[in-house]
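**Student:** Quick one: sequence plus predicted model below, questions after.
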Amino acid sequence: MSPNGLNDANNTAASPASSKTGLFILAITYWLYFGQLGVLVPYLGIFLDGRGFSSAEIGELFAVITLARILGPGLWAGVADKTGNAIGVMRLGCLLTVLTFSSVFYFTSFWGLTLAFGLMMMFWTAVLPQLEVITMNTVAKTNATYGQVRLWGSVGFICLTVGVGKALDIFSTDTPVHASIGVLALLFISTLFIRAPKEAAPETSTAGSIWKYAKQKPFAIFIMHVFNDTLNLDYEFVAARWDTPYWRTFDWLLLTLSILHGTNGLRIVMHDNIANKTFRQLALYGLYFTSTAFFVLGTYVLVAFVREV
């Protein structure tokens with residue numbers, strides 16, 4: 001067989017990942033991933049309340065989950081970069097998530113459940129970043145778009161949020177946990193059918209206009225996730241969270257870190273992309289003023305907030 005024939009065979013073998021079947025499997029995976037969020041985000045508090053935990057204990061457990069969500073992505077990104085095996089990291093994350101989440105049936109104490117949910121969320125953060133990379137590489141070889149695949153994640157979130165909510169009216173407060181185990185198991189199975197396409201060679205690029213980067217798909221994906229997480233919040237969630245000084249302190253530290261991190265990042269972007277010294281200085285002054293205003297406003301809200309009865 002000629003070298004060209006061998007290459008054609010390799011391309012043919014890789015074609016399922018960029019076919020309709022491959023896109024369908026990715027859509028199912030998104031449906032299950034965000035469907036699991038639709039089970040856990042609204043109803044985890046109900047499950048913990050049914051186990052007899054106080055508001056303070058529930059708040060502390062959510063703090064551990066949030067901490068795991070902050071630390072996890074960086075850890076798994078490093079593993080994926082070193083191994084070069086995004087799909088392997090994703091499958092491992094799914095498997096470990098199922099195993100650790102299953103332990104909630106055996107733990108009844110606060111610290112046992114805190115450990116179970118903390119580890120589960122740490123492993124859970126390995127899934128989405130790798131799934132996004134695989135999806136972006138897959139749709140790049142087809143006529144499909146990222147939005148057409150990602151849409152099914154939103155559909156899954158809505159379907160399972162409504163479905164589990166209805167089930168809670170009939171069954172016990174353990175319903176979200178039973179549903180989560182099923183969804184997570186199906187999620188792991190779906191990742192076994194995903195075939196990652198070969199990544200294109202990275203393009204060499206030079207610094208250019210900031211709008212060049214803002215128009216790229218990864219930036220749009222980031223904005224989409226920000227809105228997705230924000231829309232999951234409501235007044236009752238925030239009010240219950242701020243009933244304890246612990247949560248207010250935690251959120252203030254998170255606010256401080258976010259402002260410092262964001263301001264420094266934008267400062268570097270402005271320094272690299274605004275050539276005119278005067279305009280750059282004005283932009284930096286505007287950035288510092290805006291960051292300070294948001295910090296003061298956020299601090300005031302955290303300190304002065306009083307829950308309406």
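**Tutor:** Now that the structure is in, tell me what you want to look at.
**Student:** now the strands for this structure?
**Tutor:** With strands called from DSSP state E, the chain shows none.
**Student:** OK, contacts around the residue positioned nearest the centre of the chain?
**Tutor:** Centroid check for the chain by CA atoms, centre = their mean gives Leu128 as the closest residue, at 6.0 Å. Going by CB atoms under 8 Å, 6 or more residues apart in numbering, Leu128 touches Tyr33. To be clear about C-beta, it is placed using only N, CA and C from the backbone, and glycine gets the same treatment.
**Student:** and the longest helix for the protein?
**Tutor:** Of all segments of type helix in the chain, defined using DSSP state H, the longest is helix 20-50.
**Student:** one step back: from Leu23, how far off is the residue nearest to the centre of the chain?
**Tutor:** Leu128 is 18 Å from Leu23, where distance means CB to CB, to the nearest Å.
**Student:** again with Gly93
**Tutor:** 22 Å.
**Student:** Same question for Gly88.
**Tutor:** Counting by CB to CB, the gap from Gly88 to Leu23 is 21 Å.
**Student:** Likewise for Thr256?
**Tutor:** With CB to CB as the criterion, Thr256 and Leu23 are 42 Å apart.
**Student:** How about Tyr30?
**Tutor:** 11 Å.
**Student:** Quick one: low-confidence residue ranges for the stretch 101-250 of the chain.
**Tutor:** By pLDDT under 70, the weakly predicted segments of the stretch 101-250 of the chain are 197-242.
**Student:** The same query, at a cut-off of 80, please.
**Tutor:** 196-247, 250 (pLDDT under 80).
**Student:** residue ranges of the helices in it, please?
**Tutor:** For the stretch 101-250 of the chain, helices defined by DSSP state H, counting those that start in this stretch occupy the ranges 110-124, 127-139, 146-170, 175-191, 210-214, 217-231, 235-241, 245-273.
**Student:** As JSON lines, those with distance to Gly74 would be great.
**Tutor:** Below are the helices of the stretch 101-250 of the chain laid out as JSON lines (distance: least, CB to CB, whole Å):
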{"stretch": "helix 110-124", "distance to Gly74": "11"}
{"stretch": "helix 127-139", "distance to Gly74": "10"}
{"stretch": "helix 146-170", "distance to Gly74": "23"}
{"stretch": "helix 175-191", "distance to Gly74": "21"}
{"stretch": "helix 210-214", "distance to Gly74": "21"}
{"stretch": "helix 217-231", "distance to Gly74": "15"}
{"stretch": "helix 235-241", "distance to Gly74": "24"}
{"stretch": "helix 245-273", "distance to Gly74": "13"}
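**Student:** Nearest approach to Phe289 belongs to which of these?
**Tutor:** helix 245-273 (10.7 Å; CB to CB).
**Student:** Okay, buried residues for that closest one please.
**Tutor:** Residues of helix 245-273 classed as buried: 247-248, 250-252, 255, 259, 263, 266-267, 270, 273 (neighbour count, 16 or more other CB atoms under 10 Å).
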